[in-house]
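J.: sequence below, structure please.
(4 chains)
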2 protein chains.
Amino acid sequence: MPHTLETGLEALRIVMNALVTFTDAEWADIASRWQYRYLPKGEHQIVPGQTEEYIYFIISGATRIYHITPKGEDVTLAFSYDNTFTGDYGSFLTRRKATFYNQAVSDCHMLRCNYKDITELHDRYQKMERWTRLGLEDLLVGMLVRQVEMLSAPAEERFARLLKQSPHCFQLYTQKHIASYLGIQPETLSRLKRRMASETQDARNVILSGAEGHKTQD
Amino acid sequence: MPHTLETGLEALRIVMNALVTFTDAEWADIASRWQYRYLPKGEHQIVPGQTEEYIYFIISGATRIYHITPKGEDVTLAFSYDNTFTGDYGSFLTRRKATFYNQAVSDCHMLRCNYKDITELHDRYQKMERWTRLGLEDLLVGMLVRQVEMLSAPAEERFARLLKQSPHCFQLYTQKHIASYLGIQPETLSRLKRRMASETQDARNVILSGAEGHKTQD
DNA sequence: ATCAAAACTTGATCTACATCAATGCGCAGC
DNA sequence: GCTGCGCATTGATGTAGATCAAGTTTTGAT
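T.: Coordinates of the predicted model:
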């Protein structure tokens, strides 16, 4: 079994070290507070009404954070996959009830750490506080970029940018979910795909490999 | 003159204390690093290409953070006013060149603190690190709410919500800027206003008082 | 392998909002 | 006080994307 607590912690340490370097002693304490967690495809990590108790680190797998509006519309807010964090941050941070769903779209091997432990780590290590601050800063900058895009760029451009920056998403997620992330209908995304495939090579590569898997010819 | 460094620091302390309580000694150190700054109406606090050196706290006045897209479109990202912070956080935090403008839309009395001082405070006081973390958390939660709205709610609903939650914005900012914040054209906002004024009392109060100042009747 | 349920595609319309254009209003500078 | 010039309003028209409605293909469970 390739995804154990130990291999997960190794991956986690590498990711966390990108922002702050922890000593072995510090790391031992931090690592001891994470536990392995398996979430099979289709299951929800959290649904609205619950309070988010954990922050998750995905060792392998993919989840989708989404929201159902009062009118029943499904809105995708974020994608999470290997070596990224997930969970309803808003609920976790504020201790209020979650407003988002977080669903595994493929079998997920994850690590998780609960609120109490995260809080203790924040109290005990200034570096941990800093790690969270730096992480939030990155998240914030990313959200600002996305906000500008949503306000100014037309659908085709938003699609093109996702295609360029996160082509793997087209393998991991369905068109429906990608469409709702882009703020358009699946039909519109389908038409965009065709139009762009006939125009740019880039689009063809990503779109076709996603749709046909390892098929080589017809 | 009502807006001095001292009165500003008092206001700042109250706002910062909402998240973390600082001792008098800590506060003395923190306060010593802020300086008074006046920015007259129309002037820019920062423009793209510069690196943001300061975080600003607005004692009184209002600014607008916006972005000009490659196609020349003006997109409003955020409004800042009395007792809120402003600046290009992205640039300040990452030390990369700013991509946003921040312009005073009325005479602004502010405090500011430079990057070096903020960094020293972060190094010196875990509480300061925590204050920033908690502030970023609040910001993040607010942005998530806005993101959901932009993706799912139609223009009329976004307008209604801004009207309800930040009615003062309709006094501080022009229709053009509010429209670009909502992701619509000024003409559309104008039509929305009229339609809603004929339907709800709420809309009438806010919109009319904004448009007509202290005029009482016609 | 078989079958049902999803997902994707494609076409025909519809609509919210953009765009273009003209007019009126309000405020800053002379 | 005039005088512009930017802002708001209003109308006419255009369009990107939504919606509705079949089809087809893919997936997954038995």
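J.: now the one residue sitting closest to the centre of chain A. Its backbone dihedrals?
T.: By Cα atoms, centre = their mean, chain A has its centre lying nearest to A:S80, at 1.6 Å. Main-chain torsions, A:S80, degrees, to the nearest 10: phi -130, psi 140.
J.: so what's it bridging to?
T.: A:T63 (DSSP bridges).
J.: that one against A:I59, yeah?
T.: No - counting by Cβ atoms under 8 Å, A:I59 is not a contact partner of A:S80; they are 11.7 Å apart. To be clear about C-beta, it is placed using only N, CA and C from the backbone, and glycine gets the same treatment.
J.: so where is chain A shaky, pLDDT-wise?
T.: A:1-3, A:201-218 (pLDDT under 70).
J.: quick one, longest helix in it?
T.: Counting by DSSP state H, the longest helix found in chain A is helix A:126-152.
J.: just the buried positions in the next helix or strand after that one, please.
T.: Counting by DSSP states H and E, the next helix or strand C-terminal to helix A:126-152 is helix A:155-165. In terms of neighbour count (16 or more other Cβ atoms under 10 Å in any protein chain shown), helix A:155-165 has its buried residues at A:A155, A:R158, A:F159, A:A160, A:L162, A:L163.
J.: do stretch A:71-84 as well
T.: A:V75, A:T76, A:L77, A:A78, A:F79, A:S80, A:Y81.
J.: tell me which of the residues you listed is nearest to DNA strand C?
T.: Minimum distance to DNA strand C across the buried residues of stretch A:71-84 is 12.0 Å, recorded for A:T76 (Cβ to the nearest atom of the strand).
J.: which residues touch that closest one?
T.: A:T76 makes contact with A:R64, A:I65, A:Y66, A:H177, A:I178, A:S180, A:Y181, according to Cβ atoms under 8 Å, 6 or more residues apart in numbering or on different chains.
J.: same thing but at 10 Å, please
T.: A:64-67, A:101, A:173, A:176-183, B:151 (Cβ atoms under 10 Å, 6 or more residues apart in numbering or on different chains).
J.: are any of those residues buried, and which?
T.: Taking 16+ other Cβ under 10 Å as the criterion, what is buried in these is A:64-67, A:101, A:173, A:177-183, B:151.
J.: all helices of chain A, in order?
T.: A:5-17, A:24-31, A:89-94, A:115-124, A:126-152, A:155-165, A:169-172, A:175-182, A:186-197, A:201-212.
J.: to B:R13, which of the ones you listed lies closest?
T.: helix A:126-152 (21.1 Å; Cβ to Cβ).
J.: any idea how far A:Y38 is from chain B?
T.: For A:Y38, the distance to chain B equals 27 Å [Cβ to the nearest Cβ, to the nearest Å].
J.: chain A against DNA strand C: which residues are in contact?
T.: A:T174, A:Q175, A:K176, A:P186, A:E187, A:L189, A:S190, A:R191, A:K193, A:R194, A:A211 (Cβ under 7 Å from any atom of the strand).
J.: quick check, the second one in contact with A:P186.
T.: Same thing as A:Q175. Yes - at 5.3 Å, A:Q175 counts as touching A:P186 under the criterion of Cβ atoms under 10 Å.
J.: tell me the domain ranges of chain A?
T.: Following automatic domain parsing, chain A resolves into domains at A:5-128, A:153-212.
J.: burial count for the spatially closest residue to A:E129 that is not a sequence neighbour?
T.: The spatially closest residue to A:E129, leaving aside those adjacent along the chain, is B:E129, at 4.4 Å (Cβ to Cβ, 6 or more residues apart in numbering or on different chains). The number of residues packed near B:E129 is 22, by other Cβ atoms under 10 Å in any protein chain shown.
J.: got it, and the one 10 residues further on?
T.: The criterion is other Cβ under 10 Å. On that basis, B:L139 has 17 neighbouring residues.
J.: list the contacts of it.
T.: A:L136, A:L139, A:L140, A:M143, B:A78, B:F85, B:Y89 are the contacts of B:L139 under Cβ under 10 Å, 6+ apart.
J.: so what's the last one closest to, chain neighbours aside?
T.: It stands for B:Y89. In this structure, B:Y89 finds its nearest non-sequential neighbour in A:L140, 6.6 Å apart by Cβ to Cβ, 6+ apart.
J.: would you agree that neighbour is in contact with B:D88?
T.: No - A:L140 lies out of contact with B:D88 (Cβ under 10 Å); the separation is 11.6 Å.
J.: so for those two, which sits in the more crowded spot?
T.: B:D88 (27 against 18).
J.: tell me the phi and psi of the more buried one?
T.: phi -90, psi 90.
J.: for the one 10 residues further on, same thing?
T.: Note on B:A98: backbone dihedrals following degrees, to the nearest 10 are phi -60, psi 150.
J.: sorry, back to before: so which bits of the longest helix of chain A are buried?
T.: In helix A:126-152, counting by 16+ other Cβ under 10 Å, buried: A:126-137, A:139-141, A:143-144, A:146-152.
J.: hmm, that helix touching DNA strand D?
T.: No - applying Cβ under 7 Å from any atom of the strand, one finds helix A:126-152 out of contact with DNA strand D, separated by at least 11.1 Å.
J.: give me the angle between that helix and helix B:126-152.
T.: Angle between the axes of helix A:126-152 and helix B:126-152 is 20 degrees (criterion: axes from the mean of the first three to the mean of the last three Cα atoms, to 10 degrees).
J.: and helix A:126-152, how far out from the chain's middle?
T.: In this view, helix A:126-152 has its centroid 14 Å away from the chain centroid, taken as Cα atoms, centre = their mean, to the nearest Å.
J.: what do you get for stretch A:152-159?
T.: The answer for stretch A:152-159 is 21 Å, by Cα atoms, centre = their mean.
J.: how about stretch A:102-120?
T.: Distance, centroid of stretch A:102-120 to centroid of chain: 12 Å (Cα atoms, centre = their mean).
J.: nearest to DNA strand D, of the buried ones among the contacts of A:T76?
T.: Nearest to DNA strand D out of the buried ones among the contacts of A:T76 is A:G183 (Cβ to the nearest atom of the strand; 6.6 Å).
J.: show me the contacts for the closest residue to that closest one other than its chain neighbours.
T.: With sequence-adjacent residues excluded and distances taken as Cβ to Cβ, 6+ apart, A:G183 is closest to B:L151, at 4.8 Å. B:L151 sits next to A:H67, A:T69, A:E73, A:V75, A:T76, A:L77, A:M150, A:S180, A:Y181, A:L182, A:G183, A:I184 when contact means Cβ under 10 Å, 6+ apart.
J.: all set now, cheers.
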